[in-house]
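Colleague: No letters, just coordinates:
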């Protein structure tokens, strides 16, 4: 059952769901993203990651309107270290390449650097395939 995060107007701007088949957390961000909304949403996605000891996050920004540069520094310096500390290893970021959100995502990717395996995708199927491959490789290492 997805968790819906709503803004002050009662409009859903983020759905978060643990995908039991693929064993990753899926975030679907929608519309314009405020600084406060991004903090609330990003923090909310830590709960299913931790509850399922999940190292994989599929973060979908294809429906985001406008940039979210105002939150990149917080994501890089606050959220990402906490996510990594609780076990996040792979972050697939899906964007519409022509969108302003893509520029924000690229800034976040650069800021996070080598602390997390993060890749950006213009196609959600490619992002899903990358996460599946990472999950399968991790399974082989544990065997």
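Modeller: Perfect, thanks for sending it. Source: prediction; values computed, not measured.

Colleague: Which residues are in contact with residue 46?
Modeller: 79, 82-83, 86 (C-beta atoms under 8 Å, 6 or more residues apart in numbering). For every residue, glycine as well, the C-beta is placed using N, CA and C.

Colleague: Report pLDDT for residue 141.
Modeller: Note on residue 141: pLDDT of 69.

Colleague: Count the residues that sit near residue 14.
Modeller: Burial of residue 14 is recorded as 25 neighbouring residues (other C-beta atoms under 10 Å).

Colleague: which element is it on?
Modeller: Using DSSP states H and E, residue 14 sits within strand 12-19.

Colleague: residue ranges of the strands in this structure, please?
Modeller: Secondary structure of the chain (DSSP state E): strands at 3-6, 12-19, 24-32, 56-65, 90-94, 117-121.

Colleague: Show me what the strand holding residue 14 is packed up against.
Modeller: Packing partners of strand 12-19 (3 or more C-beta pairs under 8 Å, 6 or more residues apart in numbering; DSSP states H and E): strand 3-6, strand 24-32, helix 35-51.

Colleague: I'd like the ones you listed laid out as a markdown table, including distance to residue 116 and mean pLDDT.
Modeller: Output for the helices and strands packed on strand 12-19, formatted as a markdown table (distance: least, C-beta to C-beta, whole Å; pLDDT from 0 to 100):
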| stretch | distance to residue 116 | mean pLDDT |
| --- | --- | --- |
| strand 3-6 | 22 | 96 |
| strand 24-32 | 14 | 97 |
| helix 35-51 | 12 | 97 |
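
Colleague: Point out the one among those that comes closest to residue 70.
Modeller: Residue 70 sits nearest to helix 35-51 of all these, at 4.9 Å, using C-beta to C-beta.

Colleague: Please state the offset of that closest one from the chain centre?
Modeller: 9 Å (C-alpha atoms, centre = their mean, to the nearest Å).

Colleague: Next, the angle strand 24-32 makes with it.
Modeller: 170 degrees (axes from the mean of the first three to the mean of the last three C-alpha atoms, to 10 degrees).

Colleague: what angle sits between helix 35-51 and strand 12-19?
Modeller: Using the same axes, to 10 degrees: helix 35-51 against strand 12-19 is 10 degrees.
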